[in-house]
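what shape does this take:
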Amino acid sequence: MKRFTVARKLAAIALLAGAGNLWALTAAEQRHVDMLTQGGMASVKQAAQEMFNAGEKNPAVLDYLAEILLRQYASATPGEIDTLSWAAKALGQSGNPRYRDTLSEITNSSSANKKLRKYAEKALDDLGDGQVPQYKRGGVSLKSGHAASKSSARETSSTPRSSGRNQPLSAVQKGMSMAEAYDLVGEPTTSTGRITGKAWIPFNFRGADTARLYALYKGKGRIIFSNRSHYDSTWTVYEVQVDPNESGYP
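Predicted structure coming up:
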């Protein structure tokens, strides 16, 4: 029973880690995130190589590599294949089964470059066997958009956060997905998270509400999200707190 509850707690931690930058990053990790979101493909390659050589394990950083891979693999130019191959290698060396679906999508895709498929397949063999929530496309935001379009590759960290439709927090309703909420009110000033007591309930087989994510909006309030289950990485609105005194920081 103890092993079962510990496994459930670890699954909840994986959900939180995959929800974004919820935990403080080291200086080196923050540098890699900046390289992945603010630079071009040359910057991505350097970051991926450094992460591979350093043995990066933090999902809050690795998720950005997974997102770039999923966005780019099908349309990558010959000059970008080496970069994406390094990204696949970095995910593989982490040993984190969270990236099994990401690498499997590439290995099974006829539109993926043959060399990239080879590295993705090798990386897939290096992953652990644990049953954890898988990374899903769109799980993190590449704010500078370098992997989404060439025209936006010139953007820098000064790019403002998306304001969505500029709706008030009161427009967000319980049960909405995170994507729906952000589409209405934009991205938060910052986010934080925690594991709930339900992570320890032995018969919570679905793993619902084992983690909470707090999206904090300075001067507006906060949106509290709950995980739907430990079988996917879907977050839904649990509660909305309108508070003009919200600092926007944990």
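
what's the burial count for Leu142?
Number of residues near Leu142 (other Cβ atoms under 10 Å) recorded here: 17. Any C-beta I mention is one placed from the backbone N, CA and C, and that applies to glycine too.

quick one: contacts for it?
36-37, 64, 67-68, 71, 148 (Cβ atoms under 8 Å, 6 or more residues apart in numbering).

same question, Thr190
By Cβ under 8 Å, 6+ apart, the contact set of Thr190 is 216, 248-250.

quickly find the element holding the residue lying closest to Gln49 once chain neighbours are set aside.
Of all residues not flanking Gln49 in the chain, Trp86 sits nearest, at 5.3 Å (Cβ to Cβ, 6 or more residues apart in numbering). Assigned by DSSP states H and E, Trp86 falls within helix 78-94.

what's that helix in contact with?
Residues from elsewhere that reach helix 78-94 (Cβ under 8 Å, 6+ apart): 41-42, 44-45, 48-49, 51-52, 55-57, 62, 65-66, 68-69, 72-73, 76, 99, 102-103, 106, 113, 115-116, 119-120, 122-127.

and the helices in this structure?
2-18, 27-38, 41-54, 59-72, 78-94, 100-107, 114-125, 178-185 (DSSP state H).

what packs against the last one?
Read it as helix 178-185. With contacts taken as 3 or more Cβ pairs under 8 Å, 6 or more residues apart in numbering; DSSP states H and E, helix 178-185 sits against strand 211-217, strand 221-227, strand 235-242.

before we move on, what about the fourth one?
Using 3+ Cβ pairs under 8 Å, 6+ apart as the contact test, the elements touching helix 59-72 are helix 2-18, helix 27-38, helix 41-54, helix 78-94, helix 100-107.

return the most buried member of the helices of the chain.
Among those, the stretch with the highest mean neighbour count (mean count of other Cβ atoms under 10 Å) is helix 59-72, at a mean of 25.

that one - what's its average pLDDT?
Regarding helix 59-72, the rounded mean pLDDT is 92.

please apply the same query to stretch 131-148.
Per-residue scores along stretch 131-148 average to 70.

again, but for stretch 193-207
For stretch 193-207, the mean per-residue pLDDT is 69.

cool, stretch 106-125 as well?
95.

let me see the domain layout of this protein.
Domain assignment for the chain by automatic domain parsing gives 2-125, 160-242.

switch these over to CSV; also include distance to Gln134.
Shown next, in CSV, are those (distance: least, Cβ to Cβ, whole Å):
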stretch, distance to Gln134
domain 2-125, 4
domain 160-242, 7
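
confidence score at Ser247?
91.

quick one: Trp235 and Met176 touch, right?
No: the criterion here is Cβ atoms under 8 Å, and Trp235 misses it with Met176 at 9.9 Å.

these two: who's more crowded?
Using other Cβ under 10 Å as the criterion, Trp235 and Met176 rank with Trp235 on top: 26 against 19.

tell me which residues touch that one, please.
By Cβ under 8 Å, 6+ apart, the contact list for Trp235 reads 19, 177-178, 213, 225-228.

contacting residues around Ser170?
Ser170 neighbours (Cβ under 8 Å, 6+ apart): 240, 242.

what about it, distance to Ala179?
19 Å (Cβ to Cβ, to the nearest Å).

equivalent analysis for Ile81, please.
Taken as Cβ to Cβ, the span from Ile81 to Ala179 is 30 Å.
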